[in-house]
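Chemist: Take a look and give me a structure for this.
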Amino acid sequence: MTSITPDSAAVRSVVVLAGGISHERDVSLRSGRRVADSLVAHGLSVELRDPDASLLGHLRDTQPDVIWPALHGASGEDGALRGLLEALDIPFVGSRATAARLAWDKPTAKALVARAGIRTPRSITLSHDAFRELGAVSVLQAISDEHPVPVVVKPARGGSAQGVTVVDDASALPRAMVDAYTYCEDVIVEQKIVGTEVAVGVLDTGDGPVALPAVEIVPTSGFYGFEARYNAGETRFFTPARLDETVSAGVAEAAVAAHTALGLRHLSRVDIIVDAAGTPWFLEVNVLPGLTETSLVPIALEAAGYDLGWVYAELAQRAILDHEA
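Modeler: Below you'll find the model as predicted:
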């Protein structure tokens, strides 16, 4: 374990943003409260705020030392808010706007990560307009020919597994497409990789990105969906993941490489499937991972021996130092 001992004097006031208007509002509120409580316990002055039309004026007037965005979904992860914070010249924790935009769009993230030499499942991305204009029957047949089941159907942008369906029978594909389009105008149909599902947090407090212990995910339902993610008892976690040493090293290397390829900073979570041969397959990356009591990054941090308050305070300080660099 590496000790984290931030100079708290460098950070006096932190505004934690939580809530928002995305489908993940409730998760964001839980994450924000956990971050705020951890920072307060570490001796920092914290304002927990739900963003609204008065937010930007409030930030101009109060000039907090740093913003800690805990906004999940588009409101916090698509780069728009981060771009505004950059325009206001206020330090904030997490990836910059451009990197967030790249990671938020799953097809783009997959392409960039694949270019860096990391395996990612074959997939096709289809807009809702194309699905309608080209005819659902013809499109579904073309998809089935190129990507036979089992496949995973998911929105091209979004988190918390909302709108995601594992399709093991081709007859379920039309319903899966409709469900995914409920959340996004673009949908990915992706080859299903059978193996061990792991999430790898990547932490960078100034000395370069480091992979946290991989968290192995074993949902009781067989699918790590929204309910399994945020309801205690729905999923078993093994930290570190039950992988041999060589495979674990490869998973950690792939996670850091994905984080780096996308230009992320401070904290991310990389979702990976490890197949029977021990090969890691990149699924997606989250620039603002959940930080609730059942979320994976806090589990990994605690397994590594870190105090959450120390980590969150160090990231707040790192945001200031990066802003000044």
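
Chemist: Who are the packing partners of the strand or helix carrying residue 271?
Modeler: Here residue 271 sits within strand 267-274, counting by DSSP states H and E. The contact analysis (3 or more Cβ pairs under 8 Å, 6 or more residues apart in numbering; DSSP states H and E) places strand 267-274 against strand 196-203, helix 245-261, strand 280-286, helix 296-303. All C-beta atoms are positioned from the backbone trio N, CA, C, and that covers glycine.

Chemist: partners of it, with directions?
Modeler: As defined by DSSP bridges, the strand partners of strand 267-274 come to strand 196-203 (antiparallel), strand 280-286 (antiparallel).

Chemist: what separates that strand from the chain centre, distance-wise?
Modeler: Relative to its parent chain, strand 267-274 has a centroid offset of 8 Å by Cα atoms, centre = their mean, to the nearest Å.

Chemist: List the buried residues for that strand?
Modeler: Residues of strand 267-274 classed as buried by neighbour count (16 or more other Cβ atoms under 10 Å): 267, 268, 269, 270, 271, 272, 273, 274.

Chemist: one step back: nearest to residue 190, of the helices and strands packed on strand 267-274?
Modeler: Set against residue 190 and scored by Cβ to Cβ, those come closest in strand 280-286, at 8.0 Å.

Chemist: got the contact list for the residue most central in space within the chain?
Modeler: Closest to where the C-alpha atoms of the chain average out (Cα atoms, centre = their mean) is residue 286, at 1.7 Å. Taking Cβ atoms under 8 Å, 6 or more residues apart in numbering as the contact definition, residue 286 lies against 77, 103, 159, 268, 269, 270, 271.

Chemist: With residue 312 instead?
Modeler: Neighbour list for residue 312: 35, 38, 39, 42, 68 [criterion: Cβ under 8 Å, 6+ apart].

Chemist: okay, now the fourth one: neighbour count?
Modeler: Looking back up the chat, that one is residue 42. Residue 42: 20 surrounding residues under other Cβ atoms under 10 Å.

Chemist: repeat for residue 216
Modeler: Neighbour count of residue 216, defined by other Cβ under 10 Å: 18.

Chemist: Now it: closest residue in space that isn't a chain neighbour?
Modeler: By the measure of Cβ to Cβ, 6 or more residues apart in numbering, the closest residue to residue 216 outside its immediate chain neighbours is residue 241, 3.6 Å from it.

Chemist: quick one: that neighbour and residue 215 touch, right?
Modeler: Yes - with contact defined as Cβ atoms under 8 Å, residue 241 counts as touching residue 215 (6.5 Å).

Chemist: residues shared between the contacts of these two?
Modeler: Common neighbours of residue 241 and residue 215 (criterion: Cβ under 8 Å, 6+ apart): residue 198.

Chemist: quick revisit: pairing partners for the residue nearest to the centre of the chain in the sheet, please.
Modeler: residue 269.

Chemist: which residues of the stretch 201-325 of the chain score low on pLDDT?
Modeler: Within the stretch 201-325 of the chain, the stretches with pLDDT under 70 are 221-233.

Chemist: And the residue lying closest to residue 104 once chain neighbours are set aside, how close does it get to residue 243?
Modeler: Once flanking residues are discounted, residue 104 sits nearest to residue 78: 4.6 Å by Cβ to Cβ, 6+ apart. From residue 78 over to residue 243 the distance is 33 Å, taken as Cβ to Cβ, to the nearest Å.

Chemist: And residue 168, by the same measure?
Modeler: Distance, residue 168 to residue 243, using Cβ to Cβ: 25 Å.

Chemist: Those two: who's more crowded?
Modeler: Each of residue 168 and residue 243 has its neighbours counted (other Cβ under 10 Å); residue 243 has more, 19 against 10.

Chemist: so where's the stretch 51-200 of the chain uncertain?
Modeler: 159-160.

Chemist: What segments of it are strands?
Modeler: All strands of the stretch 51-200 of the chain, identified by DSSP state E, counting those that start in this stretch, fall at 66-69, 123-127, 151-155, 165-167, 186-191, 196-203.

Chemist: quick one, which of these is nearest to residue 310?
Modeler: Nearest to residue 310, of all the strands of the stretch 51-200 of the chain, is strand 196-203, at 11.6 Å by Cβ to Cβ.

Chemist: contacts for that closest one?
Modeler: With Cβ under 8 Å, 6+ apart as the test, strand 196-203 has contacts from 209-212, 214-218, 224, 241-243, 251-252, 254-256, 259, 264, 266-274, 289, 296-297, 300-301, 311.

Chemist: Mark out where each domain of the chain begins and ends.
Modeler: 8-93+315-324, 102-118+194-305, 123-191 (automatic domain parsing).

Chemist: Distance from the chain centre to the longest one, please.
Modeler: Just to be clear, that refers to domain 102-118+194-305. How far domain 102-118+194-305 lies from its chain's middle: 9 Å, per Cα atoms, centre = their mean.
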